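Student: build me a model from this:
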Amino acid sequence: MFSLLIVCYFLRVTESGLSLDIADCRGSPVAPFRPVPPPSACKNKDEAICVAVFNPLGSDAATNANPAMTYKVNANCLNATLKANALALCPSSCALCCMAPEFSCSNGSDAATNANPAMTYKVNANCLNATLKANALALCPSSCALCCMAPEFSCSNAAGADCTPFTVSPDLCTNALTAAAALANCPNACGLCNQPGAGGRCPDAVTNCAALLPLLTCTNAYMQQNCMETCRITTCLSTTGGASSCSDGRANCAQMASFCNVAPYSGVMREQCRKTCGICR
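Tutor: Below is the predicted model of the structure:
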């Protein structure tokens, strides 16, 4: 009801059936003017209002889909009276994603350097701080460019295995037809070292198994479930014999499932709890 009242108010000051070239978020100073980031990069907050007042005209669909043409927006998006509402409620419809809160910051000063393969990659000094490095590896391996030391890359590919196809086309690592081969022969290339069956082994699911061994021994249920490699347990191989590489890399994924889509934990969850988070089947 509230949205309906707002729509009625907006309709009193709208310009019906008009479209204009985008004036904001232009990716280039010269025509054709295209929105950067694209409208799909952000979400509208109230679709009822967006559809009624701010959505692009249907007649502009072909123009907006053509990268060689200047992008058109509903004239209401540029209406001085409505523009604040357009940004707050309908940034996607009005191609105003660059002004939305999720894009209201800058990339780090090293972004251009790190995107250039001819330049030496830069990391935050905290990544190399002796006091913080263990935490950097455990919590932020991607940010600190430490993936090679992360559990999912802590093994070797099978001797003599040609893993080039998997490094060239990473999607093959999880493709239903090639996942079993990736898991068995190229776990390092695919970042599958912490998955059951990787390289014909059952990897530890936690990082402190060596320290726990003298205290709990391998007769302990926790050790048998989470420290299979340390305890030389291979029972996981009977369940991963070639069907799929879809599994969780941590024993507590089920308890943490609510964090699958909650930033900043979602990235780690989707990486280490792939099955629980529905990343694979």
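
Student: list the contacts for the nearest residue to S40 once chain neighbours are set aside?
Tutor: Spatially, and ignoring its direct neighbours in sequence, S40 is nearest to S92 (7.1 Å; C-beta to C-beta, 6 or more residues apart in numbering). C-beta coordinates here come from the backbone N, C-alpha and C atoms, glycine included. Taking C-beta atoms under 8 Å, 6 or more residues apart in numbering, we find S92 in contact with P39, S40, A41, C42, K43, N44, C50.

Student: from V168, how far out is S92?
Tutor: Spatial separation of S92 from V168 under the definition C-beta to C-beta, to the nearest Å is 34 Å.

Student: ok, A263 next?
Tutor: Here the distance between A263 and V168 works out to 31 Å (C-beta to C-beta).

Student: kindly report the same for C97.
Tutor: 32 Å.

Student: ok, these two, which is more surrounded?
Tutor: Summary of the neighbour comparison: C97 and V168, criterion other C-beta atoms under 10 Å, with C97 having more neighbours (22 against 9).

Student: state the pLDDT value of the spatially closest residue to the more buried one that is not a sequence neighbour.
Tutor: Closest residue to C97 in three dimensions, ignoring its sequence neighbours and counting by C-beta to C-beta, 6+ apart: C42, at 3.9 Å. Residue-level confidence at C42 comes out at 91, pLDDT.

Student: how much space separates C42 from T120?
Tutor: Here C42 is placed at a distance of 34 Å from T120 (C-beta to C-beta).

Student: for the two, indicate the residue with more neighbours.
Tutor: The residue with more neighbours, out of C42 and T120 and counting by other C-beta under 10 Å, is C42; that gives 20 against 7.

Student: shouldn't that one be in contact with A95?
Tutor: No - distance between C42 and A95: 9.5 Å, which falls outside the contact criterion (C-beta atoms under 8 Å).

Student: continuing past the lowest-mean-pLDDT helix or strand in the chain, what's the next helix or strand?
Tutor: In the chain, the helix or strand scored least confidently by mean pLDDT, DSSP states H and E is helix 2-11, which has a mean of 49. Towards the C-terminus, the helix or strand next in line after helix 2-11, according to DSSP states H and E, is strand 19-21.

Student: counting contacts, what elements does the next helix or strand after that next one pack onto?
Tutor: Downstream of strand 19-21, the next assigned helix or strand under DSSP H and E is helix 47-49. For helix 47-49, the packing partners by 3 or more C-beta pairs under 8 Å, 6 or more residues apart in numbering; DSSP states H and E come out as helix 2-11.

Student: and the closest residue to P35 other than its chain neighbours, what does it touch?
Tutor: The shortest distance from P35 to any residue that is not its chain neighbour, by C-beta to C-beta, 6+ apart, is 3.8 Å, and that residue is A95. Shown in contact with A95 (C-beta under 8 Å, 6+ apart): I22, D24, C25, P35, P38, P39, Y71, V73, C77.

Student: the third one and C98 touch, don't they?
Tutor: Yes - using C-beta under 8 Å as the test, C25 is close enough to C98 to be in contact (3.9 Å).

Student: ranges for the strands of the stretch 51-200 of the chain?
Tutor: Under the criterion DSSP state E, counting those that start in this stretch, strands of the stretch 51-200 of the chain are mapped to 72-74.

Student: all helices of it, in order?
Tutor: If DSSP state H, counting those that start in this stretch is used as the criterion, the helices of the stretch 51-200 of the chain fall at 61-65, 83-89, 111-115, 133-139, 164-168, 179-185, 187-190.

Student: list the buried residues in the helix or strand following the shortest one.
Tutor: Pointing back at helix 187-190 there. Using DSSP H and E, the helix or strand that follows helix 187-190 towards the C-terminus is helix 209-216. Neighbour-count burial for helix 209-216, with 16 or more other C-beta atoms under 10 Å as criterion, is recorded at C209, L212, L216.
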